[in-house]
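In: give the three-dimensional model of this entry:
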Amino acid sequence: MNATVNAQPVVKRTISEENSKKITALRIVLMLLVLFGHNNYRVDTVGADMVFNQSVFGKWVQCIISDGIARGAVPVFFITAAFLLFFKKTSYGVLLKKKTKSLLLPFLLWPVVNMIFYAVLKFAGDVSRIGFLSGIGNYDFLAWSPKEWFGCFFGYVGNGTLYLTHFWFLRDLIVLTILSPVLGFIYEKAKFLFIIFIIYVEFVGLFPYIVMPESLFYFSLGMIFAKEDIDFFGIAKKLHWYELIPVFLVLWLYYWKVQAPYPTAQLMLMAFVSAVMLIKFSEVLIMNDRVYSVLAYLAKYSFFLYAVHIKILRSIIRTVWVKVFPMTNGFMCLAEYFGVTILMAACGIGLGIALKKFCPKLFDLLNGR
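Out: The predicted structure is shown next:
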């Protein structure tokens, strides 16, 4: 008599179509908020030789966008990245292979691209004697020490020594991806203590050194959502705007009043509320099919825009803009704030579209595809 084994069918979890569309639609919107966050002149950040007569209203507008709403963009990126990573349950070996191509390779290539770009600008400026070009470009990397070369690519957590400073997000995501089995194991063995730990790291101020506190917190949050099968989009959907907006404004007004130079628990809480609001806002982004189709198309260029906006686009566009339209009053300051940001987005996406059309292999390589 032959024994038969009734194998249990493997149930493959899938993300709902609605949530998948929300994640896609959010990508370019979050990227635009990152651009606003990085194009945020303040009295204490403009050069001594630059005119910057900002109005109180202009300061309010920039503060509520760049230092308020935009603070939730990176947290949402971390949440969705971790959620997708753990939800798919890919084997560790396959995961590392995929992430080497999608994360590590672009992380190493883009600093080189920027160095070449700056060297070309410097050379063009020297040959043509156009001061604007040589003023932006440089050959500084030729004099770097081994320590400076290491800092260029890998940096040191917390002090911004990366050559591409905004790539701290990518660096932390790589580190957390490598450590993902460890984080998952610790969570499974001590869920309550793990949750208390990451909350303490983010809101009380324990610095983990290998990654930024917010990276660990929001990546871990995305992991928990995936492991516990929690529909965080569904939770955000149940919340009401009349509940979220007043809480956000109270926390934002605290920032407006205090202008703390370093992260505080209140600022971190504001970023958390902003992230919840952005997740909820994804409902609006997918309501209209035409709007969603545009956002889905632009989402393909969100990483390219992220990579190219600093230093390449911001350096040139900002420099030209303030020479042509000096920020002599409140209106001109706001014009720079919105105009430069919109131009960076348009030029970055346009360059991405052109590169994808004429050099698709290079585009895929730089975008980790």
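
In: can we go C-alpha only for contacts and neighbour counts from here?
Out: Will do.

In: can I get the CA coordinates of stretch 343-363 in CSV?
Out: What follows is stretch 343-363 as a C-alpha-only set of coordinates in CSV (Å, rounded to 0.1, in the frame of the first residue of the first chain):
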residue,chain,number,x,y,z
LEU,A,343,12.6,73.4,-13.4
MET,A,344,14.7,70.8,-11.6
ALA,A,345,11.8,68.3,-11.9
ALA,A,346,11.1,69.1,-15.6
CYS,A,347,14.8,69.0,-16.6
GLY,A,348,15.5,65.8,-14.6
ILE,A,349,12.5,64.0,-16.0
GLY,A,350,13.3,65.3,-19.5
LEU,A,351,16.9,64.1,-19.3
GLY,A,352,15.7,60.7,-18.0
ILE,A,353,13.2,60.3,-20.9
ALA,A,354,15.9,61.3,-23.4
LEU,A,355,18.5,58.9,-21.9
LYS,A,356,16.0,56.1,-21.9
LYS,A,357,15.2,56.7,-25.5
PHE,A,358,18.7,57.1,-26.9
CYS,A,359,20.8,55.1,-24.4
PRO,A,360,18.4,52.6,-22.8
LYS,A,361,21.1,50.3,-21.5
LEU,A,362,22.9,53.2,-19.7
PHE,A,363,19.6,54.4,-18.3
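
In: what's in contact with that stretch?
Out: 32, 35, 298, 301-302, 304-305, 308-309, 313-314, 317, 364 (C-alpha atoms under 8 Å, 6 or more residues apart in numbering).

In: try 6 Å
Out: Under the criterion C-alpha atoms under 6 Å, 6 or more residues apart in numbering, residues 305, 313 lie in contact with stretch 343-363.

In: rounded mean pLDDT for it, please.
Out: Mean per-residue pLDDT for stretch 343-363: 94.

In: also stretch 46-66?
Out: For stretch 46-66, the per-residue pLDDT averages 86.

In: show me how far that stretch is from its chain's centre.
Out: 23 Å (C-alpha atoms, centre = their mean, to the nearest Å).

In: ok, and for stretch 199-216, which residues are buried?
Out: For stretch 199-216, the buried set under the neighbour-count rule, 16 or more other C-alpha atoms under 10 Å, comprises 199-203, 211-216.

In: from residue 211, how far off is the residue lying closest to residue 208 once chain neighbours are set aside?
Out: Spatial nearest neighbour of residue 208, excluding adjacent residues (C-alpha to C-alpha, 6 or more residues apart in numbering): residue 201 at 7.4 Å. Distance of residue 201 to residue 211, computed by C-alpha to C-alpha, to the nearest Å: 11 Å.

In: same check on residue 257?
Out: 29 Å.

In: from the buried residues of stretch 199-216, which is closest to residue 45?
Out: residue 212 (22.9 Å; C-alpha to C-alpha).

In: that's a strand at the residue nearest to residue 208, yeah?
Out: No. Counting by DSSP: H, G, I helix; E, B strand; the rest coil, residue 201 falls outside a strand, being helix.

In: check it and give its pLDDT.
Out: So residue 201 comes in at 89 (pLDDT).

In: where does this protein have low pLDDT?
Out: 1-13, 48, 129-135, 158-160, 258-263 (pLDDT under 70).

In: coming back round to it: which one of the buried residues of stretch 199-216 is nearest residue 21?
Out: Among the buried residues of stretch 199-216, residue 215 lies closest to residue 21 (C-alpha to C-alpha), at 23.9 Å.
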